[in-house]
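Trainee: fold the following for me, if possible:
(2 chains)
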Amino acid sequence: MNFTSTCKTLILTLLLFSEGGTFAQQSKTPPGVIEGLKTIVQDTREKLKKEYQSLETTNKFLLNPTVEQVKRLKIGNLFLRSIFLHSEKKYLEMINLNQCHLYALLENQLLKSALGTINNLIVEDNGVKSLIKYDDYINQIYKYKCQNFAQISGIFNRANLKKTILSLNYQIPKNKDDCKLILEDWKKNDYLPYLCKIPQSIQLADRAQTIKARSNKSDIRNIVKLNSLITTGSYFKEQIPFFQRSYLKNLCNGVEDQTNFCAPYLANDAWTKIFNGELSKNYIKYKCLNLFKKGTDKDLTQLQINTCVSRMKDSPSICIDKSADGYSSLFPRPNCSLISKALNKSRIKVPYHDCPGQVDNGAVTNIHRILSHYLDREIISNSESCQAEANLSLLNLTVEAKNTRGWPLKVCYNDKIDRKEKCLDYIPGSLQKSPISEDKVVTKILKRINSISTSQSCNVVSKSRFNPALLEYKNGCHIVFDEKTCSNTYCPKTIYVDEKKVEGLKFQGTTSFDYVPNNWRDQKKSGLMMLEEAYKLRSKKLRNLTELEVYLRQNENSIIHGIGCGEDILPHVFQRHTFGKCTPLPFILDGVVKEDDNKVLVTRTSIDDLHSPRLIPWNWIFTAVMKYKEKHPLNQWNLYGIK
Amino acid sequence: MVLSRIIFIIFNILFVKADPIALPELTTKQDIKNIRFISSDGKYTYYQRNNGSLQFSTNYNVTEILKLSPQTDYNILVTQSKKYAFVEANENYHTYLAPRNNKSLYLIDYGTSKIKKVGEGQVTGIHDQDQWISYYDSFTKVLTVQSPISETLKHQIKLANVKNIYFQPQVIMADTDTVIYTDINKEGIPGILRFKINSRKIDLLYKADNYSSKLELCLNGDSIYWGEFGLDPLTKGSRIRSLTTENLNFKDSPIIYQSQENDIGQIVCGLNNTDIYFIKTFRNSIGKLTYDAFKVDPSTKKGTRVSEINFATNLFLMDKKLLLPYQDKYFILAGKNNLTEFDKIKKKIIP
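Mentor: Numbers count the residues shown, from 1 in each chain, chains lettered A, B, ... in the order given. All right, here's what the predicted structure looks like:
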């Protein structure tokens, strides 16, 4: 709490009370402080209401005032007193900082009187009171006083607003002192009242939305008023990116109390940064939707993000066992505090979710993650599509790189018409955009062998969701798989057509391929070379921590990938019982964290949940890559920066 | 921060011994990266070739004992009884990077090139004086305990684990009828269970308090050493306890070692009849974490740090040699570094 500024405001308020002396004449006995203030507020409101109504009913409006007229005008004492009693403290504080802010605040309708938002002011001209429209008054004021505010007003009009907002420098404080300086700097900025109109309008719009839902629809006047507020708020939300909106909200609240501005930016946790818009909300989206048990096609509201952030901070253990149900990966996951530390330095783009346990081949998971990062594509994943999405990435890569090996996954059946076994390419799972998605291929086969009618189609359903008691699963064709055990390698599934099991379909093949070149002859068919061929993503060998750090520093959007022995990356998971044992584990690194004098790397192994990165010591990664090098047919060091 | 660092440096200068523990590095005559097992006296070596061949070498004779597709990777487990070498062969080692993928499993009569296929899965152990082998299929979640002599003596245990698909059970056999293994229940909490072969009865011997811990089992003669290692800083701590095969009261078994840190674990016992070894997490005065091999004498509960490489991840036993892999080296924590000597001696004897 800024004590000096509070005192200033109080003194200003008290001066106002003593100025007219109205109150003193009416109170015969001095009341207690609270009682006294209550009486002042009530008394002022009643008097003001009376005065305003009287001027309104007698139509005492000062229309189209001239500069000379405005120069003579004084804002009525009672009206001014009411403004100081009813306006928010942060705005009154702005008047203390700069007298011109009074007009800018009136212009932006941030001040309030006992009658609410100020549309008209009560003014006096040689003792004669009248009403004047706030904008008429301000327009004339700016002609002889606070002239630069007329220009500022111009750069915040709708034609220029977005450009102006985006051109400003929103400094993020690094420490308490830094924060104080930044805030002081903002307080001197004449834009402040104009900037604060944005969070204020958004807040009013949100409130109006709630009131509207509860309001009587026949109260047209009220609904029109609420709609107007909602429209203004929506306009600001559409025009201004989330980070700037959040920053301005914190800034305007910070005028009144420094901690309101500083606390969110000085918080070290990634969750608060996500809430502020400093970090992508994709890092939290799938976790929160999972916690709230909501469909992934829904987006999170700010309120939901806030609730979710609070849960992550208050109960860090929820990240260990909850928050990724249906997306099989290594268990237990790191707790929310550890994930937060990692996310603070993470850069990989994750607007989707994947399920390494269903994909099995870590090379496919890594390729999917690399491509999703560089192609910057948003995918609405769910537990029924995540396996197919990763496989589709591999399929696209092989097609784009013109790899002639062909797609390895096939559904085979006995074609009675051609009297031979036929096999069709397929991608496990359900994927709308792929013609070889499992559901479409099975539909095609079942139509061919007359198991379903031409109008029917099959859908892929997880075992946990499939409930034959429900009408939607009673009829039609359903490919049921157990998401807890199913993977590319092993996936016993049952096909039901109108509750009857369909036999005779065989799912064959594995997605085997060289992630890195394993022999000179076929090196172009390796994932590494295909990424270069198809997407111009070149991999550069990184041999030590310095090279790795320099690479990350010089290439802000690049990530690092490689293969190492699981026994060294995750020694609590993989045990080395025998000489030379090494479980090859692809991984992605995308940040370095200095922790307790150790350098640890933000790591997502290909068996880890995408949204739960781990912090692994560099030395472990180094040994892991070194040990895999010993096993590699070309004795190759496999740690690469990719861009 | 600066002050604490200065204090730490002064403390190190004054009180920490200057010489780190010097560990001998394992040296072999053959290219170490191809070796899969070498006996302590250097007489028998199993090693692999890049062309998919598994070879056996003794007395300067080399025999190919198995040939699978090129780039097949082999792992070989040999116990102290040395009746069999239990082989895992992964033909898609470099092309299908799936840790839980099943491997082809073979048994070799130790010291010979006689080999037979015994199943598919991942090796979990050889038990009871090499009278039983065990392996696990992480897709079907079936643990198989089987006689090396006859496939008809085969027992299968379906694990309850659905929470962690990458889980690998630890398996020991207290006697010919008793299999003790680890599992994870539906909530993700690990436990130790007993399977009686004759009655096919399964009972729970121990259940951990929470899902953020790892249980390990190690059998040395009649002594069982078992560890419970925390996996998350929210539930920190490690404990190793001991009991005998006569009294399987895991819950009340005496603690022989405990720590406030989450040790990596990987308990090794049976090197000699006393000490147990594992990877311990050390935290210095400024909070820096290091990881090194540690040994505990169960009778005195006295512990000693036995390596100072700071970033050890695991250790394992290979025929009386306790090895600590680090970067491109294998350090010898216990046992003789005599594998090149054997060849030298041989050369002297055989002109």
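Trainee: spatially central residue in chain A, please.
Mentor: A:K281 (2.5 Å; C-alpha atoms, centre = their mean).
Trainee: and A:L195, its phi and psi?
Mentor: phi -70, psi -40 (degrees, to the nearest 10).
Trainee: residues touching it, list them.
Mentor: A:I165, A:N189, A:L248, A:L251, A:C252 (C-beta atoms under 8 Å, 6 or more residues apart in numbering or on different chains). For the C-beta atoms, the positions are set from N, CA and C on the backbone; glycine is no exception.
Trainee: now name the helix or strand holding the second one.
Mentor: Mapping A:N189 onto the secondary structure by DSSP states H and E places it in no helix or strand at all.
Trainee: what is the neighbour count of it?
Mentor: A:N189 has 15 neighbours, counted by other C-beta atoms under 10 Å in any protein chain shown.
Trainee: tell me the pLDDT of the spatially closest residue to it that is not a sequence neighbour.
Mentor: Excluding its sequence neighbours, the residue lying closest to A:N189 (C-beta to C-beta, 6 or more residues apart in numbering or on different chains) is A:L195, at 8.0 Å. Looking at A:L195, its pLDDT is 96.
Trainee: residue contacts, B:R200?
Mentor: Taking C-beta under 8 Å, 6+ apart, one finds B:H155 in contact with B:R200.
Trainee: gap between it and chain A?
Mentor: 23 Å (C-beta to the nearest C-beta, to the nearest Å).
Trainee: look up how far B:K207 lies from that residue.
Mentor: 21 Å (C-beta to C-beta, to the nearest Å).
Trainee: again with A:D415
Mentor: 53 Å.
Trainee: before we move on, the earlier item: give me the buried entries from the contacts of A:L195.
Mentor: Buried residues within the contacts of A:L195, counting neighbours by 16 or more other C-beta atoms under 10 Å in any protein chain shown: A:I165, A:L248, A:L251, A:C252.
Trainee: how about B:F250, phi and psi?
Mentor: The phi/psi pair for B:F250 (degrees, to the nearest 10) is phi -60, psi -40.
Trainee: what sits against the residue nearest the centre of chain B?
Mentor: By C-alpha atoms, centre = their mean, the mean C-alpha position of chain B lies nearest to B:F316, the distance being 5.1 Å. By C-beta under 8 Å, 6+ apart, the contact list for B:F316 reads A:Q575, A:R576, A:H577, A:T578, A:F579, A:K581, B:Q266, B:V268, B:L322, B:L323.
Trainee: repeat the analysis, applying 6 Å as the threshold.
Mentor: Taking C-beta atoms under 6 Å, 6 or more residues apart in numbering or on different chains as the criterion, B:F316 is in contact with A:R576, A:H577, B:L323.
Trainee: what of B:K163?
Mentor: A:F331, B:I184, B:G188.
Trainee: am I right that it sits in a strand?
Mentor: No - under the criterion used here (DSSP: H, G, I helix; E, B strand; the rest coil), B:K163 is coil, not part of a strand.
Trainee: what's the nearest residue to it if we skip its chain neighbours?
Mentor: Closest to B:K163 by C-beta to C-beta, 6+ apart is B:G188, at 3.8 Å.
Trainee: partners of the residue nearest to B:I309 when sequence neighbours are not counted in the sheet?
Mentor: Closest residue to B:I309 apart from its sequence neighbours, by C-beta to C-beta, 6+ apart: B:Y326 at 5.1 Å. For B:Y326, the beta-bridge partners under DSSP bridges are B:K329.
Trainee: report how many residues lie close to A:F275.
Mentor: Neighbour tally, A:F275, other C-beta under 10 Å: 22.
Trainee: mind listing what it touches?
Mentor: When contacts are taken as C-beta under 6 Å, 6+ apart, A:F275 is in contact with A:I305, A:V309.
Trainee: now it. Its backbone dihedrals?
Mentor: phi -60, psi -40.
Trainee: what sits against A:M94?
Mentor: Contacts of A:M94 (C-beta under 6 Å, 6+ apart): A:H101, A:L192.
Trainee: doesn't it lie inside a strand?
Mentor: No - using three-state DSSP, the secondary structure at A:M94 is helix, not a strand.
Trainee: quick check, pLDDT for it.
Mentor: So, for A:M94, pLDDT stands at 88.
Trainee: report how many residues lie close to residue 334.
Mentor: Picking chain A for this. 24.
Trainee: can you look at chain B instead?
Mentor: 19.
Trainee: how about it, nearest residue that isn't a chain neighbour?
Mentor: Using C-beta to C-beta, 6+ apart, the nearest residue to B:A334 is B:L322, at 4.1 Å.
Trainee: these two touch, right, that neighbour and B:F331?
Mentor: No - B:L322 is beyond contact range of B:F331, at 9.4 Å (criterion: C-beta atoms under 6 Å).
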